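Student: Predicted coordinates and the sequence they were generated for:
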Amino acid sequence: MNWTTATMTTPDDARTASAVLTINNMHFQWPRNATAWHIPDLQLRAGEHGFLHGASGSGKSTLLALLAGLTVPQSGKITLLGQHFSSRSRRQRDRLRADHIGIIFQQFNLVPYLPAIDNVQLPGHFSRRRRERVHDALYDAARHLLQTLAVPESLWRSPVTALSVGQQQRVAAARALLGAPELILADEPTSALDTDNRDRFLELLMDQARQANSTIVFVSHDPALGRRFSQHHDMQQWQEVPA
Ligand SMILES: Nc1ncnc2c1ncn2[C@@H]1O[C@H](COP(=O)(O)OP(=O)(O)OP(=O)(O)O)[C@@H](O)[C@H]1O
């Protein structure tokens, strides 16, 4: 797919195209679950950092699953880089995700039998675009990110399971950042850390995202983290609880 030749027809399309991510009038409900969500309008531009908070069960991970194209809404529209993401086939969404989205999962989802340095290179094996963005020098890009994110070099070749939680989390962040994807989705990645390590991790993540001009959607139940972000959204405002 060629992102540069998308045809613009209406002012709405043009507004959407200048954004990395938009949601318009989206309704979503899991099967056999009474809670539903309605998001009338949400937009994040290149380099913007959004903070999504809300109590347990308010739908934070659900929204990230929608933004990652792992599931699709019943109605309305999610647009990624000017493309109507949520109307694409599963295969097309998988491709768009691999090329344009870096995900930091709550449980990191690292491949346990692979060393840290190999885990970081994985997105480059699944996406030619991300490989090209590091000029095919995957190993060098992974080294650079691990260095920047302060993972000790002596651990790069160890299986990730031998690393501390904080170190695994920084490996997961390096993997998400490889090849400078336009969008980073982070699902409560700091929940297992003490305050100092949490703050340090956030600083490193946001510095790297700024350098790549990546947009971030960061999810947390802890509103105290919000002060670092330019946009704030409370999940509860979009929740439709049945009467
Ligand atoms: N795959 C799924 N299938 C059906 N229901 C789901 C699924 N995933 C989540 N839910 C339901 O959606 C609601 C919101 O869950 P979600 O995990 O998105 O909340 P959350 O805000 O991320 O919670 P937490 O902070 O505890 O991780 C819950 O009622 C949950 O049971």
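Tutor: Nice, I can see it.

Student: Could you use CA atoms for every contact and neighbour count after this?
Tutor: Will do.

Student: what does the chain put close to the ligand?
Tutor: W30, A55, S56, G57, S58, G59, K60, S61, T62 (Cα under 6 Å from any ligand atom).

Student: Give me the ChimeraX select line for these, limited to the buried ones.
Tutor: Per 16 or more other Cα atoms under 10 Å, the buried members of these correspond to this ChimeraX selection:
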select :58,59,60,61,62
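
Student: okay if I get the residues of the chain next to the ligand as JSON lines plus distance to S230?
Tutor: Formatted as JSON lines, the residues of the chain next to the ligand follow (distance: Cα to Cα, whole Å):
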{"residue": "W30", "distance to S230": "30"}
{"residue": "A55", "distance to S230": "20"}
{"residue": "S56", "distance to S230": "23"}
{"residue": "G57", "distance to S230": "24"}
{"residue": "S58", "distance to S230": "21"}
{"residue": "G59", "distance to S230": "21"}
{"residue": "K60", "distance to S230": "18"}
{"residue": "S61", "distance to S230": "20"}
{"residue": "T62", "distance to S230": "22"}
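
Student: Please report how far H27 lies from the ligand.
Tutor: To the ligand, H27 is 13 Å away according to Cα to the nearest ligand atom, to the nearest Å.

Student: Assumed that residue was part of a helix.
Tutor: No. Applying DSSP: H, G, I helix; E, B strand; the rest coil, one finds H27 to be strand, outside a helix.

Student: The residue minimising distance to the centre of the chain in helix, strand or coil?
Tutor: Centrality entry for the chain: nearest residue to the mean C-alpha point is L185, 1.5 Å, by Cα atoms, centre = their mean. In terms of secondary structure, L185 is strand; the call rests on three-state DSSP.

Student: How about the contacts made by H49?
Tutor: T215, I216, V217, F218, F229, S230, Q231 (Cα atoms under 8 Å, 6 or more residues apart in numbering).
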